[in-house]
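[1] Would you be able to build a 3D model of this:
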Amino acid sequence: MGKKKPFTPPPDSPAWPNQTAFRVAERTWKRRDLPPELLASIIDPGGNPSPAVQANRLVPITLAYNPPTLSNLFGPSPETDSNGRATAYSAPEIPGLILIPGLITPEGQVQVVKASLKDYTALPNVTNLDTHWDIPSRGLWHMYEQSLHSEERQKDEALIPMRHDGTVEGAKSAAAAFRVGKVANGSSDKDGENALKSKTTSTSGIEVPDTTSTQIIIDLPTTDTQNLKAITASEALKRLRWTSLGFQYNWSTKEYHLDRRPPFPPLIDELATQVVKSVENITGYNAERWISEAGIINFYQERDALMAHQDRSEINTEAPLISFSFGNSSVFLIGSENRDDTPIPILLRSGDVLVMHGNSRRAYHALPRILGGTCPDYLTPESVNDAQWRAFYNYLKDARINVNVRQVY
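    All right, here's what the predicted structure looks like:
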């Protein structure tokens, strides 16, 4: 006889510890099989908004500007008003939440995805991988592309070495030997061969000189990780979870490193700024006050999730938070400032934009489920006139990328 599957209590069972209404919702959406009645409850602004509109769960709102006049990467959503403006929605259950479905054009999505994987995961931006692995200075994606051109990929794919022996103390003692490389003005070490050496070391990380005169510090691990080992670039891509833009973020303290600020990417800055401008009639936040100071790009594989949290690290709480979705659709939960309040589920599709301001800026939110197989057909290599896109699509078809932008001060 085969082994019996372990019994899993229902999501709302009192057998679960730390039971809150939000936690129940997270467990509900993380179940392997989602019942039809649960799927029917999701708010789908970009696919089928009518039921939510009829139930007053979504309310159409008019944007201040016609988005395509602000950026050639903006297009009207599937539904537009008589003036051609993209349809946006508020959610009465979540004051301050704005949803703009399908705002980013397919061409814009391709451009942001390519930059997120190829450019923004290389120094001076720091990823979750940099703490443990000595990524070549030209970046993970460059190494991954090299492996794709190998005739015998499985045999020839190079390994990315560990920075340390897997212990906190070992990481501190090895910090001075960590390799870094030039990342600007077209100069680079060929896969780290001519890498610079760190000049100073502290218990908080490795100080890295870069050509912008801003020192980049890679935080050291806070716990032992002796089970880690050298990995290939393709294996590293599956482990990629985040990269920081602008002010670098300390995931342990939930605070920004205000002394670590690489230049913010112009592409993402422009998109975020124009979104802020398009909704300034709703948020009351003038776009002239907006500065894209920090951003986090989250990379999700199909079984990944982001549990309930609040964004409380920014000093400026008047400025909205701007979020862009790419790739597979996801279930987004958002509630209030109290975990005991039941959140609402929203389906975020590729190209959708979400804005949090006002009360929603402090609301608990989570992403418990990626819906596999939902990467849109218009992003397939056959639909995109870009010879380089196939490699990016092969990653994206099983993943979701979220780019969120904040003003810190």
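[2] all helices in the stretch 151-300 of the chain, in order from the N-terminus.
    Applying DSSP state H, counting those that start in this stretch to the stretch 151-300 of the chain gives helices spanning 153-156, 168-174, 233-239, 266-278, 280-283.
[3] Asn128 is nearest to which of the ones you listed?
    helix 233-239 (7.7 Å; Cβ to Cβ). Bear in mind the C-beta positions are built from the backbone N, C-alpha and C, glycine included.
[4] I'd like to know which elements that closest one is packed against.
    helix 140-148 (3 or more Cβ pairs under 8 Å, 6 or more residues apart in numbering; DSSP states H and E).
[5] Give me the domain ranges for the chain.
    Residue ranges for the domains of the chain, per automatic domain parsing: 21-112+263-406, 130-232.
[6] which of those domains is buried the deepest?
    Neighbour counts (mean count of other Cβ atoms under 10 Å) averaged over each of the domains of the chain peak at domain 21-112+263-406, with a mean of 19.
[7] to the chain's geometric centre, what's the distance from that one?
    11 Å (Cα atoms, centre = their mean, to the nearest Å).
[8] taking the mean pLDDT, what do you get for it?
    Per-region confidence: domain 21-112+263-406 scores 94 on mean pLDDT.
[9] Straight-line length of that domain, end to end?
    Chord length of domain 21-112+263-406, first to last residue, is 28 Å (Cα to Cα, to the nearest Å).
[10] repeat for stretch 129-141
    13 Å.
[11] now that stretch: how far from the chain's centre is it?
    Taking Cα atoms, centre = their mean, one finds stretch 129-141 lying 18 Å from the centre of the chain it belongs to.
[12] Stretch 134-152 now?
    What separates the centre of stretch 134-152 from the centre of its chain is 22 Å, taken as Cα atoms, centre = their mean.
[13] Columns distance to His357 on top of the helices of the stretch 151-300 of the chain, output as CSV?
    Conversion of the helices of the stretch 151-300 of the chain to CSV gives the following (distance: least, Cβ to Cβ, whole Å):
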stretch, distance to His357
helix 153-156, 47
helix 168-174, 39
helix 233-239, 33
helix 266-278, 9
helix 280-283, 4
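[14] Select, out of those, the one closest to Ala122.
    Per Cβ to Cβ, nearest to Ala122 of the helices of the stretch 151-300 of the chain: helix 233-239, 12.5 Å.
[15] So Ser116 sits against Val403, correct?
    Yes - the pair Ser116 and Val403 passes the contact test of Cβ atoms under 8 Å, sitting 6.5 Å apart.
[16] list residues touching both of those two?
    Between them, Ser116 and Val403 share these contacting residues under Cβ atoms under 8 Å, 6 or more residues apart in numbering: Ile297, Phe326.
[17] Where does the prediction get shaky in the stretch 151-300 of the chain?
    151-157, 175-216 (pLDDT under 70).
[18] just the strands in it please.
    Under the criterion DSSP state E, counting those that start in this stretch, the stretch 151-300 of the chain contains strands at 159-160, 179-180, 196-197, 201-202, 205-208, 216-219, 231-232, 242-246, 248-250, 255-257, 294-301.
[19] Let's check: the centremost residue of this structure is which one?
    Nearest residue to the geometric centre of the chain (Cα atoms, centre = their mean): Asn298, 2.2 Å.
[20] Let me see the contact set for the residue nearest to that one when sequence neighbours are not counted.
    Setting aside the residues directly before and after it, Asn298 is nearest to Asn402 in space (Cβ to Cβ, 6 or more residues apart in numbering), at 4.4 Å. Contact analysis of Asn402 by Cβ under 8 Å, 6+ apart lists Ile297, Asn298, Tyr300, Ser323, Phe324, Ser325, Phe326, Leu367.
[21] how far away is Asn402 from Asn286?
    26 Å (Cβ to Cβ, to the nearest Å).
[22] same deal with Glu337?
    26 Å.
[23] for Ala363, same thing?
    Distance from Ala363 to Asn286, by Cβ to Cβ: 23 Å.
[24] one step back: what's the closest of the contacts of Asn402 to Phe332?
    Using Cβ to Cβ, those come closest to Phe332 at Leu367, 5.7 Å.
[25] just to revisit the earlier point, check which helix or strand the residue nearest to Asn298 maps to.
    strand 399-406 (DSSP states H and E).
[26] Could you do Pro60 as well?
    According to DSSP H and E, Pro60 maps onto strand 59-61.
[27] what packs against the next helix or strand along the chain from that strand?
    Where DSSP H and E defines the elements, the next helix or strand beyond strand 59-61 is strand 88-90. Helices and strands touching strand 88-90, by 3+ Cβ pairs under 8 Å, 6+ apart, are strand 59-61, strand 97-100.
[28] And the contacts of strand 88-90?
    Counting by Cβ under 8 Å, 6+ apart, 45, 49, 53, 58-63, 97-101, 279, 282 sit against strand 88-90.
[29] Farthest-apart pair in those residues, please.
    Val53 and Val279 (18.9 Å).
[30] one step back: what is the residue nearest to Asn298 paired to in the beta sheet?
    Note on Asn402: beta-bridge partners by DSSP bridges are Asn298, Ser325.
[31] how much space between it and Thr62?
    Distance from Asn402 to Thr62, by Cβ to Cβ: 26 Å.
[32] quick one: Asn359 and Pro92 touch, right?
    No - counting by Cβ under 8 Å, Pro92 is not a contact partner of Asn359; they are 11.7 Å apart.
[33] contacting residues for the closest residue to Arg303 other than its chain neighbours?
    Spatial nearest neighbour of Arg303, chain neighbours left out: Ile370 (7.4 Å); criterion: Cβ to Cβ, 6+ apart. Residues near Ile370 by Cβ under 8 Å, 6+ apart: Tyr300, Gln301, Glu302, Arg303, Asp304, Ala305, Asn328, Ser329, Ser330, Ala399, Arg400.
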